[in-house]
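Asker: structure of the sequence below:
(one chain, ligands or ions: 2)
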Amino acid sequence: MSLKTSIATVSISGNLEEKIEAIAAAGFDGIEIFEQDFIADIRSPRAVGDRIRAAGLEVMLFQPFRDFEGLPQTLRAKAFDRMERKFDVMQDLGCDLVLVCSSAHPEALGGINRAAADFAEVGDRAAARGLRIGYEALAWGKHVNDHRDAWEVVRRADHPNVGLILDSFHTLARGIDPETILRIPGDKIFFVQLADAPHIDMDLLYLSRHFRNMPGEGDLAVTDFMRAVMATGYGGPISLEIFNDQFRGGSPGSIAKDGHRSLIALLDDVRRAEPEATTGLPDLPRHVPVKDTAFIEFAARGDGLADLEKLLQSLGFYQAARHVSKQVTLWRQGGIRIVLNAETTGHAATAWNVRGTSVCDIGLSVASAEDTVTRAEALGAKPFTQPLGPGEMPIPAIRGLGGSVMHFIDDGSLADVWNVEFQPSPLATTDAGLTRIDHIAQTMTYDEMLSWSLFYTSLFEMQKAPMVDVIDPDGLVRSLALATDNGSFRITLNGAETHRTLAGSFLAEGLGATVQHIALATDDIFTTAAALRAAGCPVLSMSPNYFDDLAARFDITTEMMARMRKENILYDADDTGEFFQLYTQPFAGQMFFEIVERRGGYTGYGAPNAPFRIAAQKRFQKPKGMPTA
Ligand SMILES: O=C(O)c1ccc(O)c(O)c1
Ligand SMILES: [Mg+2]
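Answerer: Ligands and ions are numbered 1, 2, ... in the order given. Coordinates of the predicted model:
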């Protein structure tokens, strides 16, 4: 047995035809017809049903039928008539299951037995036509707003054509323990809808209709919910029902693909947590634990290349090797590798043509590069290859953010790549104490953030931190941090809503999402800062007001305050430890490097400092009308 996947038409943008095409292309088995999408279409129910089947999809559910149960007599008779009309449509569509959501009608009367009697009667009418009814508890239903009550109605209706529909949003957003699902026999669950949502304290109807998102994109325990569903022996479809304002305006194709990716990742998690569960999903390698960032590659040429080399030198890097056959150099310091690629053909050249100096490739160290690419492809990522030049090794890779590339290096033969492909230069004698890449910050539009967070969390063993708002003088930027448990790989996603923010103008100028800054770790930021100063590194200077405020907020010794002011070192602290940061001035448009020192268990990114850092950076962007210190 294999679980079938489905998605409600309401989840994606476009007209019904565009939705059908996107859903079929993304690889779903079936579709839930949200009635509004059907009513807005000009085709007959039969033509729509035929079109969906021609696209290779099954019409799995017709929904929603509202305000059915518990009505007083005249309204009740009308509801039954209305149901007969919808049965006509369903038969023409070729769909045998309708979702009845619990009534929110002001005149609906309560009473489990009254509702059960309504369902028993409508069950007979459905049976006469070979149709089935599924009852779903809306979290804001007037009398029934909990799947346990909906199940009691279905149980008492005791009709083979009447079953329960579970929706993870309604159960989890109300804080109902998903383990309660284990009391329901799997064959009485007719359909399962899945949705995640962010943890925002607001009215549930509003949260549900505007902020649902794909499993894994929000904060609900959708995996636990699905585990419980599987443990009942449920074998029906699992379907996404995502009401989301951004998705309604997004690209149908990419939203549908994200949905499919989220279901595969979820089913894989469920199978690992509940080995008895048969999902029908082909085996795939587990979430990839990232050991470290192996390298970061820039596309750079001409003056841009010379500028970047100079900046790297001032940061304590040295040119450690040269590629055997390409115009590519390797720069090192501590455990950090930065590759500068000046080739005029291939991937880096394409990136340079589009964006100029930019990060075109990120290399990660993983246990198995092959497994990583296998999992990525199963989740719908695109593999990346390009013709190998003389002396080059085939390193597994996929497409990442904004058409960039991610390569994977493991301890097998690939670990040799630096010796095989590169000719070493003489060793440097000094450095600035930088040890490793602390994090990579990628900038994108706000609309792309959920998609990329799902990309990373579904492929790698990474956790999301809560989203934070960063105030730019010209608008809001949202920031979402993803990290492995031990901090071996950290990435921050910055979503810009307008082009006037620093992040937004970076996007507009650079033609889309990419790496905006790279944070490098040091064990002693004061020593590093002194080395940078001696080497002429262009450090970003902070406003004196910033340091006055720090002195007021934290117990920092006068001596340390003086050093921080002198070196432009920013500071943050929480219950677990301390954090020191400094920034370079912007280069190549608006990229920059950050230097960080973490003390104790601090795992944040200095978010409280971001508005002041951005303001300082913007002083470089706007020569006119800006006071200078
Ligand atoms: O928001 C609603 O009304 C609505 C309708 C149908 C559903 O299946 C649901 O979960 C919510
Ligand atoms: Mg639902």
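Asker: what residues are up against the residue lying closest to Leu311 once chain neighbours are set aside?
Answerer: Nearest residue to Leu311, sequence neighbours excluded (CB to CB, 6 or more residues apart in numbering): Phe587, at 5.6 Å. All C-beta spots, glycine's among them, are computed from the backbone N, C-alpha and C. Contacts of Phe587 were listed using CB atoms under 8 Å, 6 or more residues apart in numbering, and they are Asp307, Leu308, Leu311, Thr357.
Asker: 7 Å instead?
Answerer: Shown in contact with Phe587 (CB atoms under 7 Å, 6 or more residues apart in numbering): Asp307, Leu308, Leu311.
Asker: state the distance from it to Ala115.
Answerer: Here the criterion is CB to CB, to the nearest Å. By it, Phe587 lies 66 Å from Ala115.
Asker: what of Pro252?
Answerer: Per CB to CB, Pro252 is found 37 Å from Ala115.
Asker: next one: Val229
Answerer: Distance, Val229 to Ala115, by CB to CB: 23 Å.
Asker: neighbours around Gly334, how many?
Answerer: Using other CB atoms under 10 Å, Gly334 has 18 other residues around it.
Asker: for the residue nearest to it when sequence neighbours are not counted, which three-state class applies?
Answerer: In space, and not counting its chain neighbours, Gly334 is closest to Thr435: 4.0 Å by CB to CB, 6+ apart. Secondary structure state of Thr435, per DSSP: H, G, I helix; E, B strand; the rest coil, is strand.
Asker: and Thr435, what does it touch?
Answerer: Contacts of Thr435 by CB under 7 Å, 6+ apart are Gly334, Gly335, Ala521, Thr522, Asp523.
Asker: wait, Gln333 touches Thr430, no?
Answerer: No - assessed by CB atoms under 7 Å, Gln333 is found out of contact with Thr430, at 10.0 Å.
Asker: quickly note the distance from Met202 to Phe211.
Answerer: Counting by CB to CB - Met202 and Phe211 are separated by 8 Å.
Asker: these two: who's more crowded?
Answerer: Phe211 (21 against 10).
Asker: mind listing what the more buried one touches?
Answerer: Contacts of Phe211 by CB under 7 Å, 6+ apart are Ala197, Pro198, Ile200, Asn244.
Asker: hmm, which of those are the buried ones?
Answerer: Among these, those scoring as buried are Ala197, Pro198, Asn244 (criterion: 16 or more other CB atoms under 10 Å).
Asker: go through the residues you listed and say which is closest to Arg322.
Answerer: Closest approach between the buried ones among the contacts of Phe211 and Arg322, by CB to CB: Pro198, at 47.9 Å.
Asker: quick one: low-confidence parts of the stretch 301-450 of the chain?
Answerer: Along the stretch 301-450 of the chain, the model assigns pLDDT under 70 to no residue.
Asker: mind doing that once more with 90?
Answerer: 354-355, 386, 388-392, 400-404, 411-416, 424-430, 445-448 (pLDDT under 90).
Asker: rewinding a little: from the contacts of Thr435, which are also near ligand 1?
Answerer: For ligand 1, no contacts are drawn from these by CB under 6 Å from any ligand atom.
Asker: can you tell me the SS state at whichever residue of the stretch 251-400 of the chain sits closest to ligand 2?
Answerer: In the stretch 251-400 of the chain, the residue that lies nearest ligand 2 is Gly259 (14.8 Å; CB to the ion). Secondary structure, three-state DSSP: Gly259 is helix.
Asker: pLDDT at it, what is it?
Answerer: Each residue has a pLDDT score; the one for Gly259 is 97.
Asker: quick check: buried residues in stretch 122-136?
Answerer: Val122, Gly123, Ala126, Leu131, Arg132, Ile133, Gly134, Tyr135, Glu136.
Asker: filter those down to the ones in strands?
Answerer: Those of the buried residues of stretch 122-136 mapping onto strands are Arg132, Ile133, Gly134, Tyr135, Glu136, per DSSP state E.
Asker: partners of the third one in the sheet?
Answerer: Read it as Gly134. Here Gly134 sits in beta bridges with Leu99, Gly163, going by DSSP bridges.
Asker: now do the SS call for the closest residue to ligand 2 within the stretch 301-450 of the chain.
Answerer: Nearest to ligand 2 in the stretch 301-450 of the chain, going by CB to the ion, is Leu450, at a distance of 19.6 Å. Assigned by three-state DSSP, the conformation of Leu450 is helix.
Asker: this protein against ligand 2: which residues are in contact?
Answerer: Asp167, Gln193, Glu241 (CB under 5 Å from the ion).
Asker: all strands of the stretch 1-150 of the chain, in order?
Answerer: Secondary structure of the stretch 1-150 of the chain, counting by DSSP state E, counting those that start in this stretch: strands at 5-8, 30-34, 58-65, 97-101, 132-136.
Asker: one more: the stretch 351-500 of the chain?
Answerer: For the stretch 351-500 of the chain, the strands defined by DSSP E, counting those that start in this stretch occupy 358-366, 397-399, 405-409, 422-424, 434-445, 463-464, 468-472, 475-483, 490-496.
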